[in-house]
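Visitor: make a model of this:
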Amino acid sequence: MLTIDDLSVQLYTVREAAAVDLDAVLERLAGIGFRQVEPYGLLDFASQLATSLPRHGLTAPTTHASIVGQDTEVLFGTAADLGIQIVVEPAVRDDRWTDEDAVKRIADDLNAAAEVAARYGLRVGYHNHWWELAEIGDALGLEVLARNLSPDVVLEVDTYWAYTSGADVPALLTRLGDRVAVLEVQGGDGSRDVMKQVAVGAGSVPVWDFVDAAANLQYAVLELDDTAGDRFTALADSFAYVTSKTRP
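Guide: Numbering: from 1, shown residues only. Coordinates of the predicted model:
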């Protein structure tokens, strides 16, 4: 079962406001009740995060940041300084998910990055969209990736995008097992139209089936790529809904 300390929020949800005044954004999210956030663009926001996270009683146990094909020494050093635990590759685009050998090369890149991350006391993760859920050989692409990852690399499964792919998400999470450390959780109608995403609990996506299937869940990250309404309001509604069904 989730607790409030398992909940986080992806700052990309409120990216326009964050670009203008990150401190005000963090204050507002803390006011909603969040205790954790998941940054994006870590190197761009690092100095602001170092000041504003403790000011508002927040931590950032996970972050999205480009890893594959990048020089990661500065990134991992910065993440460690901010108290981050897991640095998650947000996307390797669909043109690299063509066959098993191509996916193995992605795994090789993540494994190499994980060796560097370990020197900073960090782990590396991977975040999916829908294209990683296409069949490659005898499995889904994300499963091919998982079976070629070193034990130190985890997955942040974006349950909404996985759902839009048509995958049986609870069954997928069960098969992936302890590899799944983080879930991204979104509400919506299950389509790829981001404007139809809504607060968790307001859409038709069976969120709790996903949460219950993640056996080793450490964090659940609430997010919206977009929505027809106000994203802060949707986050507040999501937080209220999820925490009404969690332990304090």
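
Visitor: can I assume Val116 sits in a strand?
Guide: No. Looking at Val116 with DSSP: H, G, I helix; E, B strand; the rest coil, it is helix, so not inside a strand.

Visitor: contact partners of stretch 62-81?
Guide: By C-beta atoms under 8 Å, 6 or more residues apart in numbering, the surrounding residues in contact with stretch 62-81 are 8, 10, 12, 38-43, 46, 50, 82, 84-90, 92, 106, 109-110, 113, 116-117, 119-122, 124-125, 127, 156, 182, 219, 221. Every residue, glycine included, has its C-beta placed from N, CA and C.

Visitor: helices along the chain, start to end?
Guide: Along the chain, counting by DSSP state H, helices occupy 15-20, 22-32, 42-55, 73-81, 100-118, 141-146, 159-164, 169-176, 207-213, 231-243.

Visitor: looking at these, which is nearest to Val200?
Guide: helix 231-243 (4.1 Å; C-beta to C-beta).

Visitor: how far off centre is the closest one?
Guide: Centroid displacement of helix 231-243 relative to its chain, using C-alpha atoms, centre = their mean, to the nearest Å, is 17 Å.

Visitor: ok so, going back, pull out the buried residues from the contacts of stretch 62-81.
Guide: 8, 10, 12, 38-42, 46, 82, 84-90, 92, 106, 109-110, 113, 116-117, 120, 122, 124-125, 127, 156, 182, 219, 221 (16 or more other C-beta atoms under 10 Å).

Visitor: among the residues you listed, which lie within strands?
Guide: 8, 86-89, 124-125, 127, 156, 182, 219, 221 (DSSP state E).

Visitor: returning to what we had before: so which of the helices of the chain comes closest to Ile4?
Guide: helix 231-243 (5.7 Å).

Visitor: ok, Ile136 - contacts?
Guide: Contacts of Ile136 by C-beta under 8 Å, 6+ apart are 97, 99-100, 103, 144.

Visitor: so which residues make contact with stretch 28-38?
Guide: So stretch 28-38 is contacted by 4-5, 7-11, 14, 26, 53, 56-64, 88, 219, 221, 232, 235-236, 239, 243 (C-beta under 8 Å, 6+ apart).

Visitor: wait, Pro39 touches Val9, no?
Guide: No. In this structure, Pro39 is not within contact of Val9 by C-beta atoms under 8 Å, at 10.2 Å.

Visitor: in ChimeraX, how would I select just the buried ones from the contacts of Ile136?
Guide: Listed next is the ChimeraX selection for buried residues among these, using 16+ other C-beta under 10 Å:
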select :97,103,144
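
Visitor: identify the farthest-apart pair in the contacts of Ile136.
Guide: Trp97 and Glu100 (10.1 Å).

Visitor: can you list contacts of stretch 201-216?
Guide: Residues contacting stretch 201-216 (C-beta under 8 Å, 6+ apart): 2, 157, 159-160, 163, 169-171, 173-174, 177-181, 183, 185-190, 197, 200, 217, 220, 237-238, 241-242, 245.
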